[in-house]
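In: build me a model from this:
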Amino acid sequence: MQYIVGLFNYSSLFLIVFFSVFLMVTLIENRKKIKGETALRSHNDTEAENTDYPSVTILVPVFNEQNTVDKTIQSLLKLNYPEEKLKIMIVDDGSKDNTWEIVKKYNNHPQILLHQKENGGKYTALNYGIANCSTEMIGCLDADSEVDADALLHIIPYFKDRDVGAVTPSLKIQNPDNILGLMQSAEYNMGVFTRKILGFLDAQYVTPGPFSIFRKEVFSKVGNYKHAHNTEDLEMALRLQENHFKIVNAHKAVVYTVGPRTLYRLYKQRVRWTGGFIQNAIDYRRMILNPKYGNLGMLILPIAMYSIIVTIFFLSFTLIKSIFNIIDTYKKISVIGWSFNFNAFSFDWWLYNIQAPMFIGLITISLVIFSIWYGKKLTGVNDKKMIDIVYFITLYSIISPLWLITSVYNTLRKKDASWR
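Out: Coordinates of the predicted model:
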């Protein structure tokens, strides 16, 4: 057992060091590109020509979104983009609350198209929208999200590369005002950094529901959305990568989304996300360690799957070891009675043996802090808070195993996590 633990320790250390260096080298190599990425001119610019702006339809699938859908629509109407080039299609997937009554007030708006259908799930609402629009570009915006006014202007220039099939934005938590919100804010800022680097590596494995934009022709070549274990945005990204379409990231295209405000809702969301990743990775296992799929197949997917295996192993090992320690302590107390030796807890840094787990922890924490800081910098949003990083480092490692274990369990049972 000690040999196996050592094997996991040192292999994990190697991968973390290798991956950290790899990310930093990729960042350094592309720093000039990051600085040089610019948006289209605003449509208010008198020199701008409409030929610069492809036609775009933003699909907003809604199901029981009465509390957020109006703000979502309002944010889309404030986009700096020629009105004649932008359509907003609301697809009500059989809502049972007042969502439809709220969106009906936009019935006569020249940019907004309203559709209703029987409930079939988010992916069916997206496919319904795709079938009913004819613009050059198609985007999606979840009904609990709001876009920055210049987001689309930052995204469109990336499509000058004909190999680009989709462009993803930078996601941020909207108004984080409690511990869970701040923790998620740090996580999302880290995601901004990670998604940008993965874009340079042609290794993005998710096209997020909040404001990913696609060429319409992509869907005719690879097909429409699928159920995909309730993570259709992840499966679509893997399918695009399998068909060698580029997915790039527009780091200045900022989208604000509402994060779960309770631990239970966060747990449910992450069980769906994590389980969806595992099950989609299994469905696309032909890509793993396949050089035909570049960095995604040879590096990102294998490391992601290995990290899940390592985490489950150490959680199980720690739990089993703790149980045996409790049993051993109970036996000692039963024989010699209760005693407490303060000297047993003495600590001497000079005699401490710094082992692989400590290196792993230090390197991981350093990478986390840097990626969160750099993610904030990339979006250009003034955010100098540090407490979110503290919450993320201290809390995430404690609560994330909850949804990881459940996700692995659901995968073994071949069970999809519920949406809500």
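
In: residue 249 in helix, strand or coil?
Out: Put simply, residue 249 is strand when judged by DSSP: H, G, I helix; E, B strand; the rest coil.

In: where along the stretch 301-420 of the chain do the helices fall?
Out: All helices of the stretch 301-420 of the chain, identified by DSSP state H, counting those that start in this stretch, fall at 301-336, 356-379, 387-391, 397-412.

In: I meant to write the chain there.
Out: Applying DSSP state H to the chain gives helices spanning 2-36, 69-77, 99-103, 122-131, 151-155, 179-200, 216-222, 232-242, 263-283, 294-295, 301-336, 356-379, 387-391, 397-412.

In: in a markdown table, list those helices along with mean pLDDT.
Out: Converted to a markdown table, the helices of the chain look like this (pLDDT from 0 to 100):
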| stretch | mean pLDDT |
| --- | --- |
| helix 2-36 | 80 |
| helix 69-77 | 97 |
| helix 99-103 | 96 |
| helix 122-131 | 96 |
| helix 151-155 | 96 |
| helix 179-200 | 95 |
| helix 216-222 | 96 |
| helix 232-242 | 97 |
| helix 263-283 | 95 |
| helix 294-295 | 95 |
| helix 301-336 | 82 |
| helix 356-379 | 84 |
| helix 387-391 | 93 |
| helix 397-412 | 90 |
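
In: separation between residue 85 and residue 197?
Out: Look at residue 85 and residue 197: by C-beta to C-beta, to the nearest Å, they are 31 Å apart. C-beta: built from backbone N, CA, C; applies to glycine.

In: before we move on, what about residue 156?
Out: 22 Å.

In: between the two, which one's more packed in?
Out: residue 156 (22 against 19; other C-beta atoms under 10 Å).

In: correct me, but that one touches residue 55?
Out: No - if you go by C-beta atoms under 8 Å, residue 156 and residue 55 don't touch, sitting 10.9 Å apart.

In: so what sits against both of those two?
Out: By C-beta atoms under 8 Å, 6 or more residues apart in numbering, residue 156 and residue 55 have these common neighbours: residue 137.

In: verify the contact between residue 61 and residue 140 for me.
Out: Yes - using C-beta under 8 Å, residue 61 is in contact with residue 140, at 7.3 Å.

In: need the overlap of contacts for these two.
Out: Going by C-beta under 8 Å, 6+ apart, residues that sit against residue 61 and also against residue 140 are residue 126.

In: what about residue 148, distance to residue 137?
Out: Distance from residue 148 to residue 137, by C-beta to C-beta: 18 Å.

In: I misspoke; the intended subject was residue 208.
Out: For residue 208 relative to residue 137 (C-beta to C-beta), the value is 16 Å.

In: so between these two, which is more surrounded?
Out: Under the criterion of other C-beta under 10 Å, the comparison of residue 208 against residue 137 puts residue 137 first, with 25 against 21.

In: flag every buried residue along stretch 159-179.
Out: Across stretch 159-179, burial judged by 16 or more other C-beta atoms under 10 Å covers 159, 164-174, 176.

In: thought residue 400 was touching residue 273?
Out: No - assessed by C-beta under 8 Å, residue 400 is found out of contact with residue 273, at 11.1 Å.

In: who's in contact with residue 407?
Out: 270-271, 274-275, 278, 417.

In: what do you get for residue 74?
Out: residue 146.

In: now swap in the one 5 residues further on and tell me
Out: With contacts taken as C-beta under 8 Å, 6+ apart, residue 79 has the following neighbours: 86, 147, 149, 151-152.

In: again with residue 96
Out: Residue 96 neighbours (C-beta under 8 Å, 6+ apart): residue 64.
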